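Trainee: Here is my input, please return the structure:
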Amino acid sequence: MLEGIKGGTTLWTVLNAFVKNFGGDIFDAEGRPTVNRPENVAGVKFWADLWKFSPPGQAEYSLIDVPTVMGNGIAAQTLAWSDFVLGIDQPGKSKLAGKFVYAGSPANAQWKQRSAETEPSGIVISKHSKQPEATYLFMQWMVDKNTQQQLFTKSGGAGVPIRRSTWALPVVKQSKFAGLYVAMQESLKYGAAKPKAPKLYEIMDVLVGLVQEVGLGKKTADQAMKEGQEKVQAICAKCTL
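Mentor: Got it, this is the predicted structure:
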């Protein structure tokens, strides 16, 4: 199963976990839209072809639904966000807790480069904060090595590390989630986040609807990417910063 909702992180998984593994991208090095390049068509087609193996309702699945469906044993394989997985692979949360097997985001053996969809979870100080100094002290405490060790110790080795050094902690390496942490590190090696484009969410809104239509069989990948190229060019001739 896959995330297929019109919104959320659907488009970025299509782009970074599929399209880029076929050698494609939605912009060239100069920031010009290249939505209709053949590699993009191939990546979107591959993603959409996987829909035939999904349970009903694929177009309604969000990043929250994916681990829930997996936790109920409705699907056997997915691309899921690690922080949501931690809430499902727990006793009392799923009858399959302790039976999940993890691996890094897959590669395309026929393409020399590898890409994975990754997203940062940020801790920031709002410009509207009335206590910026206290917030800054909290952030310092949160990323401290000792704090990280205590958090993982008290949670039984469950969490998402903030520091690279946290991976090496014995409580992390010996955790029941050790396989997940190996998979997370592998994905992060090849990870990419959203492109830096001023009108990114306008672009996303156009393209995510088109790739969903490919998954639903309403358009071919070639038709969708051709239409996407025209619509993105209308938004910006040069899109990235």
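
Trainee: can you tell me how far residue 12 sits from residue 18?
Mentor: Remark: distance between residue 12 and residue 18 (Cβ to Cβ, to the nearest Å) = 10 Å. Backbone N, C-alpha and C define where each C-beta goes, glycine included.

Trainee: ugh, typo on my part, it should be residue 210
Mentor: As it turns out, when the distance is counted by Cβ to Cβ, residue 210 lies 14 Å from residue 18.

Trainee: ok, those two, which is more surrounded?
Mentor: residue 18 (27 against 22; other Cβ atoms under 10 Å).

Trainee: burial of the residue lying closest to residue 115 once chain neighbours are set aside, as a residue count?
Mentor: Leaving aside its sequence neighbours, residue 115 sits nearest to residue 20 (Cβ to Cβ, 6 or more residues apart in numbering; 3.6 Å). Residue neighbour count, defined by other Cβ under 10 Å, stands at 24 for residue 20.

Trainee: Now for residue 20: which residues touch it?
Mentor: Shown here is residue 20, whose contacts under the criterion Cβ atoms under 8 Å, 6 or more residues apart in numbering are 43, 113, 115, 192.

Trainee: repeat for residue 13
Mentor: Neighbour list for residue 13: 2-3, 79, 117 [criterion: Cβ under 8 Å, 6+ apart].

Trainee: and if you look at residue 169?
Mentor: Counting by Cβ under 8 Å, 6+ apart, residue 169 touches 148-149, 152.

Trainee: wait, residue 81 sits on residue 63?
Mentor: Yes. Here residue 81 lies in contact with residue 63, judged by Cβ atoms under 8 Å, at a distance of 5.5 Å.

Trainee: what is in contact with these two at once?
Mentor: Once Cβ under 8 Å, 6+ apart is applied, the residues that residue 81 and residue 63 both contact turn out to be residue 9.

Trainee: Farthest from the middle of the chain: give me that residue.
Mentor: Each residue of the chain has a distance to the centre, and by Cα atoms, centre = their mean the biggest one is for residue 130: 33.1 Å.

Trainee: Could I get the full set of helices for this structure?
Mentor: With DSSP state H as the definition, the chain shows helices at residue ranges 10-13, 38-49, 65-71, 82-88, 132-143, 145-154, 170-173, 178-189, 200-215, 221-235.

Trainee: count of residues packed around the residue nearest to residue 206 when sequence neighbours are not counted?
Mentor: By the measure of Cβ to Cβ, 6+ apart, the closest residue to residue 206 outside its immediate chain neighbours is residue 231, 4.6 Å from it. Here the count is done by other Cβ under 10 Å, and residue 231 has 18 residues near it.

Trainee: I'd guessed residue 231 sits against residue 205; true?
Mentor: No. If you go by Cβ under 8 Å, residue 231 and residue 205 don't touch, sitting 9.7 Å apart.

Trainee: quick one on the thing from earlier: now do the residue nearest to residue 206 against residue 95, distance only.
Mentor: Here the distance between residue 231 and residue 95 works out to 44 Å (Cβ to Cβ).

Trainee: how about residue 143, what does it touch?
Mentor: By Cβ under 8 Å, 6+ apart, the contact list for residue 143 reads 162-163.

Trainee: ok, and the most crowded of the contacts of residue 20?
Mentor: The member of the contacts of residue 20 surrounded by the most neighbours (other Cβ under 10 Å) is residue 43, with 28 neighbours in all.

Trainee: Beta-bridge partners for the most centrally placed residue in the chain, please?
Mentor: Most central residue of the chain, judged by C-alpha distance to the mean C-alpha position with Cα atoms, centre = their mean, is residue 117 at 4.2 Å. Using DSSP bridges, the bridge partners assigned to residue 117 are residue 192.
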